[in-house]
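Student: Fold the following for me, if possible:
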Amino acid sequence: MPRETLVMIPPILSDARVFAHQVQVMSQAHAVMVAPPTCGERIEEIASQILSWAPSKFALCGMGLGGMVAMEIMRRAPERITRIALVSTSPLADTPEAAAAREPHIIAARAGRWDDVLQHEINSTWMASATDKVELVRVLTEMGRELGPEVYVKQARAMQRRKDQQAMLRQIQLPTAVICGRHDGQYQLKRHEFLAELIPYAQFEIIEGAGYLPTLEAPEATTDALQRWMKQPMMLRL
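Tutor: Okay, the predicted model is just below:
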């Protein structure tokens, strides 16, 4: 059987560097594609664009915003997905309060106060205490500056407008991994437990010594978890 292509979708204000270790290791056995979630102000638009780039069938991994896009891809094209991994993400829509809280940062980005926005979005309290926060903040700031405020506004709008995906997740009959850092300060452990419980057969992986960005905070352990997921046998769709 041919090996599956793996499509990976980064979180907000991130690019392929957020998956650097995973791409380096997993591309030895699989074709790996990193698809930027930068092409629309709605999750649905971003999902449609990525589906137009992706092969006819593929394994799908998304982190943060990328996980939200991955869920929408799964909802609209389940026949094309062979397996799905959701990292540091949530299936819930923004609450009205959360959506409103994004608005001042969107306004600041449009007004040229980009450093203030980056400081808000790159929150070191979401990382594990053992993480080299200075280096990680440097990498994240570099990615954010390169992507810029226009991309941020689109991504923030997409997160504000996203739909609840709980009903879709209950229908998944594929090898699934839910992965999170033990010390994730953004989407906490209980939220990931809830996410994993929604999905039949989900493999729940907690990455020790990591927070919101396990792919960078504990890259080897996260890659190992993804490799276990890729080795799970295929399931028959019901």
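Student: how about the longest helix seen in the chain: buried residues?
Tutor: Using DSSP state H to define each element, the chain has its longest helix at helix 133-161. Of the residues in helix 133-161, 133, 136-137, 139-141, 143-144, 147, 149, 151-160 count as buried by neighbour count, 16 or more other C-beta atoms under 10 Å. Bear in mind the C-beta positions are built from the backbone N, C-alpha and C, glycine included.
Student: ditto for stretch 78-87
Tutor: Result for stretch 78-87 [16+ other C-beta under 10 Å]: buried residues 80-87.
Student: And for stretch 209-217?
Tutor: 210-217.
Student: Widest-spaced pair of those residues?
Tutor: The two members of the buried residues of stretch 209-217 with the most space between them (C-beta to C-beta) are Gly211 and Thr215, at 11.3 Å.
Student: Looking at the buried residues of stretch 209-217, which are in helices?
Tutor: Those of these lying in helices (DSSP H): 214-217.
Student: just these now: which is nearest Leu118?
Tutor: Nearest member of those to Leu118, counting by C-beta to C-beta, is Leu216, at 16.5 Å.
Student: looking at it, that closest one is touching Leu136, isn't it?
Tutor: Yes. The pair Leu216 and Leu136 qualifies as a contact (C-beta atoms under 8 Å) at a distance of 6.0 Å.
Student: Let me know the pLDDT of Pro2.
Tutor: Predicted confidence (pLDDT) for Pro2: 61.
Student: Roughly how far does the residue sitting nearest the centre point of the chain sit from Pro200?
Tutor: Taking C-alpha atoms, centre = their mean, the centroid of the chain lies closest to Met63, which sits 1.3 Å from it. The spacing between Met63 and Pro200, counted by C-beta to C-beta, to the nearest Å, is 22 Å.
Student: Also Ala167?
Tutor: For Ala167, the distance to Pro200 - C-beta to C-beta - is 13 Å.
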